[in-house]
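> Take this sequence and fold it.
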Amino acid sequence: MKTDERRGAPAAGGFEKVSHALWVEEPAARYRMPDPVRTAAVRAVIIASVTLIQAMVAFLSTLTGSWLAFPMVLSSVASTVVATWSVLDVWVTRQVWNQRHGVISAPSSTARRLRRERRLARRAAKRAARAETRIRRGARTSRSAPRGTTGPHAPTAPAGAPRAVPGQQPEVSGPRQAPASV
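Residues are numbered from 1 along each chain as shown. Got it, this is the predicted structure:
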């Protein structure tokens with residue numbers, strides 16, 4: 001089936017019968033890779049191709065019995081390690097980019113719907129917390145508590161008395177009593 005037939009037009013017999021432009025921009029099916037990921041992928045492809053060339057030269061020089069065989073085998077092994085590392089670099093770079101910038105999702109995507117639900121739940125929780133603090137604040141001001149208290153019906157200490165520190169035993173003024181003997 002010709003291109004024109006797929007588009008619904010009758011097949012053109014020659015170039016002179018083509019009524020549309022020669023270059024037609026069609027939307028891409030997938031999004032373009034982010035720049036850091038694309039850079040890592042290009043680097044990985046170049047390193048992998050150099051590794052394959054080195055392996056081929058090592059194999060052929062081994063077959064011919066050349067002195068170059070041993071150094072090429074060693075460099076091929078090293079290049080294989082580097083090529084594996086570069087492929088892992090592409091994967092890690094892609095994961096990092098996705099974590100920093102989020103997923104690209106269509107409007108009907110599950111990821112977008114879940115993010116919206118989480119955002120609405122967070123907002124509702126914030127509103128409830130704000131309302132709760134307002135209720136508590138309003139209840140505290142409506143009670144008539146003695147001046148200088150911090151909570152409802154808290155005892156007041158005389159002016160100049162040391163404050164109690166949480167987790168410490170309060171000092172008792174006056175003579176200490178010896179522990180009772182058994």
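> which element follows the worst-scoring helix or strand of the chain on mean pLDDT toward the C-terminus?
In the chain, no helix or strand scores lower on mean pLDDT, DSSP states H and E than helix 3-6, which sits at a mean of 56. Following helix 3-6 in sequence order, the next helix or strand is helix 35-64 (DSSP states H and E).
> The helix or strand just after that following helix vs helix 35-64, what angle?
Using DSSP H and E, the helix or strand that follows helix 35-64 in sequence is helix 69-101. Here helix 69-101 runs at an angle of 170 degrees relative to helix 35-64 (axes from the mean of the first three to the mean of the last three C-alpha atoms, to 10 degrees).
> any idea how far Glu117 lies from Ala125?
With distances taken as C-beta to C-beta, to the nearest Å, Glu117 is found 13 Å from Ala125. C-beta: built from backbone N, CA, C; applies to glycine.
> Same check on Arg112?
In terms of C-beta to C-beta, Arg112 sits 21 Å off from Ala125.
> Show me which of the two is the more surrounded one.
A direct count of neighbours by other C-beta atoms under 10 Å for Arg112 and Ala125 places Arg112 higher, at 15 against 10.
> Checking that one next. Helix, strand or coil?
Here Arg112 is recorded as helix under DSSP: H, G, I helix; E, B strand; the rest coil.
> What does the pLDDT read for it?
pLDDT, Arg112: 76.
> cool, Thr141 as well?
Thr141 carries a pLDDT score of 57 in this model.
> Next up, the contacts around Thr44.
Small correction: residue 44 is Ala, not Thr. Contacts for Ala44 were tallied using C-beta atoms under 8 Å, 6 or more residues apart in numbering; they are 83, 86-87, 89-90.
> And Thr51, by the same measure?
Residues near Thr51 by C-beta under 8 Å, 6+ apart: 76, 79-80, 82-83.
> what's the burial count for the closest residue to it other than its chain neighbours?
Ranked by C-beta to C-beta, 6 or more residues apart in numbering and with sequence neighbours excluded, the top spatial neighbour of Thr51 is Ser79, at 4.0 Å. The tally of other residues near Ser79 (other C-beta under 10 Å) stands at 20.
> Tell me how far Ser79 lies from Glu26.
39 Å.
> Who are the contact partners of Met33?
So Met33 contacts Ala41 (C-beta under 8 Å, 6+ apart).
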